[in-house]
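Asker: below is the sequence, then the predicted model.
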Amino acid sequence: MANSKVKPAFNQQVVVLPIENIVPQKELSLEFRKSTTYKRISASLEHVGLIEPLVVYPRGPRDYLLLDGHARLDILKQRGVTEVRTIFAMDDEAYTYNKKVNHAPPVAEYFMMLKALSHGVTEERLAQVLNVSVSAIRQRRNMLDGICKEAVEILRNRDVSPAVFAYLKKMKPIRQIEAAEHMHATGTHTVRFAKALLEVTRPELLVEVPSKRKPTIEATSRAAQAMLEQETDLLIRELKAVEESYGTDMLTLSIACGYVERLLSNSRVEKHLDKHHPDILGELRTLLTDVKPQKGKSPEVAA
C-alpha cells in the first residue's frame, strides 16, 4: 500500500485535434454565455490566445470526450476555429480537473496586476484581456493604497471583495489590523461585515472623524457595539488558544497515524480486520487518507 506508484492522470504531450472530433458533455446555457466569466474567457482567447489546452478522453478513432474546457471550446467554435491543442486523460473522470483549482484571491490578483504593469503591460491592454474598463483597472491598482502591510498580510489568501478595502481605508492602521483579525477569526470577509466594523469603530481610530454623529446612534446602539467588541475579542482569544495547541495536536496525530499505517502494512493484520472488523478498517483508512495531505503543512496553511 505504501509502495504503490501514483498513476499519472493525463499524458504530458500536447496534441492538436480537429474541433469536430471533440464531443462536449454538456451544452452551455444562454445565461452562461451572457455571464462575466464567459466574456472574460472570450476576451482572453481573443487577445492572448489559448493558454491551457483542453482535456479530452480518447474513446476511439476521431472520437474524443471533452472533460475540461467547455467554455473555451464553445468560443473557439463560434469563431470558426478548426483545430485546438489538447491533452489526453487516462480515464473519463472529469472530477479531478478544475474542481480542485485554487483560484487567486483578490490580493494576489492585485500583486499580479502590479507586476504586469511594471513589466510594461498597459492599462488598456489589461482591460481588454480581462474584459473590464480602464477605470476598473485603475481602481484595482489603487486597491491597497492606505492599507497597512500587516492587514494586507492577514487578508492575503482570503477571498475578500475589493470593496472591503474601501472601508478599511477609513480606519487607522491599528484598527485595520483589528478588523482584518475579526474577519479572519470569523471567516467573514463580506462588504456588509466590513461596513459594520467601520460603524462600531471608535472615533479616535478613524482617519476622519465625522463632524456630527447620526441621531440614530443611541444607548442601545452603544450597548450593541460594546457587546460585539467583547464577543469578537473573546472569539479571537479562543482562536489563538487553539492555534497554540495545533502544532502539538498535529504531531500527536501524525505519530498515531504513522503507527496505524505501519500496522496495516502487515497483511495478516489487514486481512484479520477486513474479515472480522471491516467497519474499523474503513475508518482507519479514511483517517489515513484525511491526515496524509496535511503532513508538512504549517498550521496557517492547513487552516
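Answerer: Received it, and whenever you're ready, just let me know what you need.

Asker: burial of residue 89, as a residue count?
Answerer: Look at residue 89: counted by other CB atoms under 10 Å, it has 22 neighbours. Where you see a C-beta, it was placed from the backbone N, CA and C, and this is true even at glycine.

Asker: cool, and residue 66?
Answerer: The number of residues packed near residue 66 is 19, by other CB under 10 Å.

Asker: list the buried residues for the helix or strand where it lies?
Answerer: Using DSSP states H and E, residue 66 sits in strand 63-68. By 16 or more other CB atoms under 10 Å, the buried positions in strand 63-68 come out as 64, 65, 66, 67, 68.

Asker: contact partners for residue 115?
Answerer: Counting by CB atoms under 8 Å, 6 or more residues apart in numbering, residue 115 makes contact with nothing.

Asker: ok, back up a step: can you point out the buried residues in the helix or strand following the strand holding residue 66?
Answerer: Once the chain leaves strand 63-68, the next helix or strand it forms, by DSSP H and E, is helix 70-78. By neighbour count on 16+ other CB under 10 Å, the buried set for helix 70-78 is 70, 71, 72, 73, 74, 75, 76.

Asker: save those residues as JSON lines, and put in distance to residue 31 and pLDDT too.
Answerer: Below are those laid out as JSON lines (distance: CB to CB, whole Å; pLDDT from 0 to 100):
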{"residue": "70", "distance to residue 31": "14", "pLDDT": "91"}
{"residue": "71", "distance to residue 31": "13", "pLDDT": "92"}
{"residue": "72", "distance to residue 31": "18", "pLDDT": "93"}
{"residue": "73", "distance to residue 31": "18", "pLDDT": "94"}
{"residue": "74", "distance to residue 31": "13", "pLDDT": "93"}
{"residue": "75", "distance to residue 31": "16", "pLDDT": "93"}
{"residue": "76", "distance to residue 31": "20", "pLDDT": "93"}
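
Asker: give me the nearest residue to residue 39, chain neighbours excluded.
Answerer: Leaving out its chain neighbours, the residue that sits closest to residue 39 by CB to CB, 6 or more residues apart in numbering is residue 131, at 4.9 Å.

Asker: surely that neighbour meets residue 40?
Answerer: Yes: Residue 131 lies in contact with residue 40 (CB atoms under 8 Å); the separation is 4.7 Å.

Asker: more neighbours: which of the two?
Answerer: Using other CB under 10 Å as the criterion, residue 131 and residue 40 rank with residue 131 on top: 18 against 15.

Asker: phi and psi next, for the more buried one.
Answerer: Taking degrees, to the nearest 10, you get phi 60, psi 50 for the backbone angles of residue 131.

Asker: from residue 138, how far off is it?
Answerer: 16 Å (CB to CB, to the nearest Å).

Asker: now swap in residue 55 and tell me
Answerer: In terms of CB to CB, residue 55 sits 36 Å off from residue 138.

Asker: how about residue 290?
Answerer: 45 Å.

Asker: one more: residue 184?
Answerer: For residue 184, the distance to residue 138 - CB to CB - is 28 Å.

Asker: show me the shaky parts of the stretch 101-250 of the chain.
Answerer: 101-103, 209-244, 246 (pLDDT under 70).

Asker: how about the helices in it?
Answerer: Counting by DSSP state H, counting those that start in this stretch, the stretch 101-250 of the chain has these helices, from start to end: 106-118, 123-130, 134-141, 149-155, 162-168, 173-186, 191-199, 219-264.

Asker: of the ones you listed, which is nearest residue 85?
Answerer: Closest of those to residue 85 is helix 123-130, at 19.2 Å (criterion: CB to CB).

Asker: and the closest one, how far out from the chain middle?
Answerer: Relative to the centre of its chain, helix 123-130 is centred 23 Å away, using CA atoms, centre = their mean, to the nearest Å.
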